[in-house]
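Colleague: Provided below are the primary sequence and the corresponding predicted coordinates.
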Amino acid sequence: MMPMTLQEIAQAVRGRVLVGGTSADSPSDLSDETGKMATSVFSDSRQLREGSVFVAIPGERVDGHRFVPRIAQSGAVAAIVEHPVDEASVPQIVVEQSVKALGLLARHNIDRRRESGEPFTIVGITGSVGKTTTKDLLSSMLGRLGNTIAPVGSFNNEIGLPLTALKVNSGTRFFVAEMGASHIGEIAYLTSIAPPDISIALKVGVAHLGEFGSVENIAKAKSEIVQGLLPDGVAVLNANDPRVAAMTRFAPGKVLWFGLPADEGRTELFNNGQTLDMTAEDISVDALDHPTFTLHDRDEQVGVNLAISGEHNVMNALAAATVAHDLGLSLQDVAASLAAQRHISPHRMAMSTVHNSGVSFTLIDDSFNANPDSTRAGLRALGAWGANDTEKPYRVAVLGAMLELGSEEIALHRQIGEECANLGMDALIAVGGSEELAPLASALAEGASSVNAGQSASPSGDGMQVLLAEDAGKADEMITGLAERHPRMVVLLKGSHVSGLSALAERWEQESDDGVSTSENDGEVLR
């Protein structure tokens with residue numbers, strides 16, 4: 001954060017400063033204590049340190065205002081609150097809405113950084129799938145060019161993005177801003193906080209379909225990241241997605257295209273003769289589903305061994321490579337970064353070996369969240385695992401419910417179940433978790449069973465098993481039972497957070513026989 005006085009912060013968030021219950025309307029009203037400089041901002045009181053400002057956000061389960069009386073013990077210099085808190089031991093900046101104030105302060109911090117005149121670039125990323133992985137890959141690449149700030153995990157909403165923007169300081173060269181949305185106007189709001197110099201649009205899918213109402217509305221919402229570009233900003237668009245390609249009409253300046261060529265079996269866009277600025281050819285995957293491909297820009301090519309698994313991540317790598325190369329990273333350094341980037345945000349295609357209850361199996365943990373597009377990608381990755389091995393692994397898809405799909409939710413879950421069977425999985429465990437989720441889990445199982453009824457056997461020769469688990473705990477028991485009978489087993493966890501599958505993955509790590517789950521990528525402990 002750019003260092004600020006409390007008066008500067010109060011002016012930025014349109015609030016008033018209270019010191020001991022009394023208004024401090026001018027710098028002369030501030031005591032020596034309240035004149036301290038603020039150097040960081042948090043909404044989690046556990047993260048506070050010397051010089052921090054605490055933003056008290058009222059939540060559904062916990063109201064941040066209850067922690068205000070204790071924050072001075074952590075070194076906090078002020079609190080942003082929606083109402084005065086008795087027994088507060090630090091100055092309070094009273095605002096109408098603390099989340100809105102957080103956004104205003106983040107925008108002020110970004111403006112302060114730009115006013116310094118030193119080089120500074122904001123890259124915004126959106127898409128129905130792939131945002132966080134692309135963010136992880138790009139931030140690693142840009143870190144080779146200068147100090148880079150990027151969110152932890154998927155801090156991509158009206159709270160997470162401004163908190164990350166407030167980490168930008170005078171030494172920050174790049175800010176990679178992930179921008180998500182479940183309603184029209186949300187990305188426009190995020191770009192008003194951190195207006196991008198470069199915007200990446202990855203894919204328009206059906207995530208949050210129930211909230212948006214139609215895929216067309218999803219495309220409209222995602223296009224806000226292009227409309228929010230600074231004048232002469234650069235739009236980086238997926239040429240293989242027609243809805244993303246249509247966003248070119250909103251681009252205020254240069255457009256860069258990434259995608260896969262037609263001979264890779266995908267639709268190719270040549271927009272008025274426009275060729276691809278970054279593409280991949282000769283894609284293959286190894287036994288652990290790590291992609292290898294030839295990366296092409298307009299002038300040269302280089303071989304890439306992608307360190308993370310999943311052929312679908314080639315597109316995310318292309319998006320990141322397009323931006324990093326445009327900002328000055330050589331194609332060779334792009335390839336080196338993609339080969340070195342083994343660690344991405346938790347619960348995203350994270351591979352490990354689980355030792356639990358006397359059995360062991362390979363885990364592909366993609367349980368952070370789920371929608372039809374990302375679930376299909378995970379299933380294809382599972383299907384590719386060990387496909388060329390003489391002894392085939394026993395492949396188990398453990399799928400939880402996908403949320404916010406509206407009136408199509410049952411049909412979309414059935415389709416995923418059908419796809420699971422068509423890809424030749426050895427077993428499907430459909431996980432409920434609540435009365436609300438049970439029908440969705442049943443639809444997964446029914447879709448798989450409808451295909452399975454016409455198939456005599458899976459590739460392993462045992463016939464696909466379709467199991468229905470009432471919750472993640474029951475799924476754990478089923479997985480253990482399958483692992484006892486199939487010593488060479490690989491398990492995919494994929495589901496929305498409420499399905500409990502990410503918590504199951506964390507428990508497996510904690511309860512592993514040797515205390516850790518080791519990465520299949522590099523033998524390091526996954527934390």
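Modeller: Received, thanks.

Colleague: any idea how far stretch 472-479 is from the chain center?
Modeller: Computed by CA atoms, centre = their mean, to the nearest Å, the chain-centroid distance of stretch 472-479 equals 26 Å.

Colleague: Show me what counts as buried in it.
Modeller: Applying a neighbour-count criterion of 16 or more other CB atoms under 10 Å, the buried positions in stretch 472-479 are 472, 474-476, 478-479. Yep, even glycine has a C-beta here, placed from its N, CA and C like the rest.

Colleague: Now that stretch: average pLDDT?
Modeller: For stretch 472-479, the per-residue pLDDT values average out at 92.

Colleague: Residues in contact with it: which ones?
Modeller: The list of residues contacting stretch 472-479 from outside it, by CB atoms under 8 Å, 6 or more residues apart in numbering, reads 361, 396, 398, 400, 429, 431, 433, 467, 469, 491, 499-501, 503-504, 507.

Colleague: just curious, which of those residues is nearest to A79?
Modeller: Taking CB to CB as the measure, A79 sits nearest to A503 out of these, at 31.6 Å.

Colleague: and the strand or helix carrying that closest one, what does it pack onto?
Modeller: If you go by DSSP states H and E, A503 is part of helix 501-511. With contacts defined as 3 or more CB pairs under 8 Å, 6 or more residues apart in numbering; DSSP states H and E, the packing partners of helix 501-511 are strand 350-356, strand 359-365, helix 472-485, strand 489-494.

Colleague: out of the ones you listed, nearest to I187?
Modeller: Nearest of the helices and strands packed on helix 501-511 to I187, taken as CB to CB: strand 489-494 at 25.3 Å.

Colleague: Parallel or antiparallel, list what pairs with the closest one.
Modeller: The partner list of strand 489-494 in its sheet, established with DSSP bridges, is strand 359-365 (parallel), strand 394-399 (parallel).

Colleague: By mean pLDDT, show me the worst of those.
Modeller: For these, the stretch scoring lowest in mean pLDDT is strand 359-365; its value is a mean of 89.

Colleague: what angle separates the following helix or strand past it from strand 359-365?
Modeller: Moving toward the C-terminus from strand 359-365, the first helix or strand encountered (DSSP H and E) is helix 372-384. Relative orientation of helix 372-384 and strand 359-365, computed by axes from the mean of the first three to the mean of the last three CA atoms, to 10 degrees: 140 degrees.

Colleague: re the thing from before, list only buried entries from the contacts of stretch 472-479.
Modeller: Among the contacts of stretch 472-479, those buried by neighbour count (16+ other CB under 10 Å) are 361, 396, 398, 400, 429, 431, 433, 467, 469, 491, 499-501, 504.

Colleague: Minimum pLDDT in the residues you listed, which residue is that?
Modeller: By pLDDT, G433 ranks lowest within these, coming in at 79.

Colleague: tell me the phi and psi of it?
Modeller: The phi and psi torsions at G433 (degrees, to the nearest 10) take the values phi 130, psi -20.

Colleague: so what's it up against?
Modeller: Listed by CB under 8 Å, 6+ apart, the contact set of G433 reads 400-401, 441, 470-472, 498-500.

Colleague: if you compare the helices and strands packed on helix 501-511, which one is most tucked away?
Modeller: Among these, strand 489-494 has the highest mean neighbour count (mean count of other CB atoms under 10 Å), at a mean of 26.

Colleague: Excluding chain neighbours, what is closest to A445?
Modeller: With sequence-adjacent residues excluded and distances taken as CB to CB, 6 or more residues apart in numbering, A445 is closest to A430, at 4.3 Å.

Colleague: pretty sure that neighbour is in a strand, no?
Modeller: Yes. Secondary structure of A430 (DSSP: H, G, I helix; E, B strand; the rest coil): part of a strand.

Colleague: and it, what are its bridge partners?
Modeller: The residues that A430 bridges to, once DSSP bridges is applied, are L399, L468.

Colleague: And it, how far from E408?
Modeller: Between A430 and E408 the computed distance is 18 Å (CB to CB, to the nearest Å).

Colleague: more crowded one of these two?
Modeller: A430 (32 against 13; other CB atoms under 10 Å).

Colleague: From G117, how far off is the more buried one?
Modeller: 57 Å.

Colleague: per-residue confidence at the residue nearest to A445?
Modeller: Model confidence at A430 (pLDDT) stands at 94.

Colleague: Now do the same contact list for it.
Modeller: The contact partners of A430, by CB under 8 Å, 6+ apart, come to 399, 417, 441-442, 444-445, 448, 466-469.

Colleague: could those be laid out in TSV, adding distance to A377?
Modeller: Rendered in TSV, the data for the contacts of A430 read as follows (distance: CB to CB, whole Å):
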residue	distance to A377
L399	13
G417	16
A441	20
S442	23
L444	16
A445	21
A448	18
V466	21
L467	23
L468	24
A469	23
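
Colleague: And those, which is closest to S367?
Modeller: L399 (10.0 Å).

Colleague: Do I have it right that that closest one meets L444?
Modeller: Yes. Counting by CB atoms under 8 Å, L444 is a contact partner of L399 at 5.6 Å.

Colleague: Could you name every residue contacting both of the two?
Modeller: By the contact definition CB under 8 Å, 6+ apart, L399 and L444 are jointly contacted by 416, 420, 428, 430.

Colleague: okay, now the second one: neighbour count?
Modeller: Translated: C420. C420 is flanked by 30 other residues according to other CB under 10 Å.

Colleague: Check the secondary structure at it for me.
Modeller: Applying three-state DSSP: C420 is helix.

Colleague: Any regions of the stretch 1-150 of the chain where pLDDT drops low?
Modeller: Across the stretch 1-150 of the chain, the stretches falling below the confidence threshold (pLDDT under 70) are 21-35.

Colleague: can you map out the strands along it?
Modeller: Listed in chain order, the strands of the stretch 1-150 of the chain (DSSP state E, counting those that start in this stretch) span residues 16-19, 22-23, 40-42, 52-55, 78-81, 92-94, 121-126, 148-149.

Colleague: Quick one: residues in contact with the longest one.
Modeller: When you say that, I think you mean strand 121-126. Applying CB under 8 Å, 6+ apart, the set of residues contacting strand 121-126 from outside is 110, 131, 134-135, 138, 142, 173-181, 187, 190-191, 194-202, 222, 225, 228, 319, 323, 327.

Colleague: hmm, try it at 6 Å
Modeller: For strand 121-126, the surrounding residues in contact (CB atoms under 6 Å, 6 or more residues apart in numbering) are 131, 134-135, 174-179, 187, 194, 196-200, 222, 225, 323.

Colleague: Next, the buried residues of stretch 104-115.
Modeller: 104-110, 112-113.

Colleague: now those in a markdown table, with distance to R249?
Modeller: Putting these into a markdown table (distance: CB to CB, whole Å) gives the following:
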| residue | distance to R249 |
| --- | --- |
| L104 | 31 |
| L105 | 34 |
| A106 | 29 |
| R107 | 27 |
| H108 | 32 |
| N109 | 32 |
| I110 | 27 |
| R112 | 33 |
| R113 | 30 |
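
Colleague: Among the residues you listed, find me the one that's closest to T148.
Modeller: R113 (13.4 Å).

Colleague: could you measure the closest one against M2, distance?
Modeller: Counting by CB to CB, the gap from R113 to M2 is 6 Å.

Colleague: Then R507?
Modeller: 41 Å.

Colleague: same thing with G171?
Modeller: In terms of CB to CB, G171 sits 10 Å off from M2.

Colleague: Looking at those two, which is more packed in?
Modeller: Neighbours were counted for G171 and for M2 using other CB under 10 Å; M2 has more, 19 against 10.
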